[in-house]
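Trainee: just need the structure, nothing else, for what follows:
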Amino acid sequence: MKVVFMGTPDFAVGALEAIIKAGHQVTAVVTQPDKPKGRGKEMQITPVKACALKYDIPVFQPVKIKTPEAIEQLRTYEADIFVVAAFGQLLSEEILNMPKFGCVNIHASLLPKYRGAGPIQWVILDGEKETGITIMQMDKGLDTGDMLFSRKVPIAEKETGDSLHDKLAQVGAELIVEALPKIEAGEVTPVKQNDADSCYAKMLQKSMGKIDWTKQSVEIERLVRGLNSWPSAYTSYHGKTLKIWASDISDKTGEGIVLPTEVTEVVPGMIVAVEKDAVYVKTGDGSLKLTEVQLEGKKRMPVKNFLLGYQVKVGEMLGQ
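Mentor: I've put the predicted structure just below:
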């Protein structure tokens, strides 16, 4: 098939390469404009653009895909289908109806659950046991189109946002390559989504990572995993940001510990135990065992290494 591929981040790269290697003709790649990044504000191309250039595929980077000029440019690529994976812009009905087989989206959840921009992380934050990939026929709504193909992916006990991202990207690449010839042959039975079963996975914000130590340990532990590696779960220690990269749920409550004379009670956010390779912090219902951290201005490291450079004491507070 002749394919126009629309995508931007790393998640979409595997699918683009799989489509190319399967023998389909990618007539163009559409991706977001280059953006300045880092202290030097050097322009950085998107991962999908880098992949397209490697295969000498024409690249189109409209600021707004819905403008008349952008739409006319899309028409010149003469594609049978548009494949979309984390592109980052909504498509107009005119674009959706442009190719013979319409536009299909590689969505990183088992629709209708977790529509929206952050499905990979939110399934971990919510404690789901499985997720998956849905190949969906796009319509004018946000992830509301008919479902064409899906594949389940179990969520491991210590799954992080990063590890699940990589699993789903691989499954998405495999599934779209299986789907394209079936779509072309008309061997597809579209299934309408049940809106009553839907939920929305809102876009991640950096502020989401701030740990509220009054919450239950299980919620905080999911936050640490789900927001790894961005925006990451964080608190503060002696006025500096402390990122928490790995943790475990613990039943240490701080009962019976000897507190500094100026401290009258154990409260959430208080360090209740320090071992050679772990720090335990009081939560709303127990404690969280911190095993990997990163203090502002320092490298990410196991708590065992962190404790070699910092004298962390029982009774000290995090998050103040």
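
Trainee: my guess is Thr214 contacts Met270. True?
Mentor: No. When contacts are counted by CB atoms under 8 Å, Thr214 is not listed as touching Met270 (11.5 Å). C-beta: built from backbone N, CA, C; applies to glycine.

Trainee: more neighbours, those two?
Mentor: Met270 (24 against 14; other CB atoms under 10 Å).

Trainee: bridging residues for the more buried one?
Mentor: Assessed by DSSP bridges, Met270 has beta-bridge partners Met317.

Trainee: so who does it touch?
Mentor: Gly254, Val263, Val281, Lys282, Gly315, Glu316, Met317, Leu318 (CB atoms under 8 Å, 6 or more residues apart in numbering).

Trainee: low-scoring stretches of the stretch 51-200 of the chain, by residue?
Mentor: Residues of the stretch 51-200 of the chain meeting the criterion pLDDT under 70: none.

Trainee: what about the strands in it?
Mentor: Here the stretch 51-200 of the chain has its strands, by DSSP state E, counting those that start in this stretch, at 59-60, 81-85, 103-107, 130-137, 147-154.

Trainee: what's the neighbour count on Asp195?
Mentor: Asp195: 10 surrounding residues under other CB under 10 Å.

Trainee: again with Glu187
Mentor: 9.

Trainee: next: Gly309.
Mentor: 9.

Trainee: Ile211 too?
Mentor: 24.

Trainee: how about it: what's its closest non-neighbour residue?
Mentor: Counting by CB to CB, 6 or more residues apart in numbering, Ile211 lies nearest to Thr235, which is 4.7 Å off, once chain neighbours are set aside.

Trainee: isn't that neighbour right up against Leu223?
Mentor: No. Using CB under 8 Å as the test, Thr235 is too far from Leu223 to be in contact (10.8 Å).

Trainee: can you pull the residues that touch both of these two?
Mentor: What both Thr235 and Leu223 touch, as defined by CB under 8 Å, 6+ apart, is the set Ile211.

Trainee: hey, what's Pro154 bridged with?
Mentor: Bridge pairing for Pro154 - DSSP bridges - gives Glu130.

Trainee: for it, give its distance to Lys64.
Mentor: According to CB to CB, to the nearest Å, Pro154 stands 39 Å off from Lys64.

Trainee: more neighbours, those two?
Mentor: Higher neighbour count among Pro154 and Lys64: Pro154, with 12 against 8, using other CB under 10 Å.
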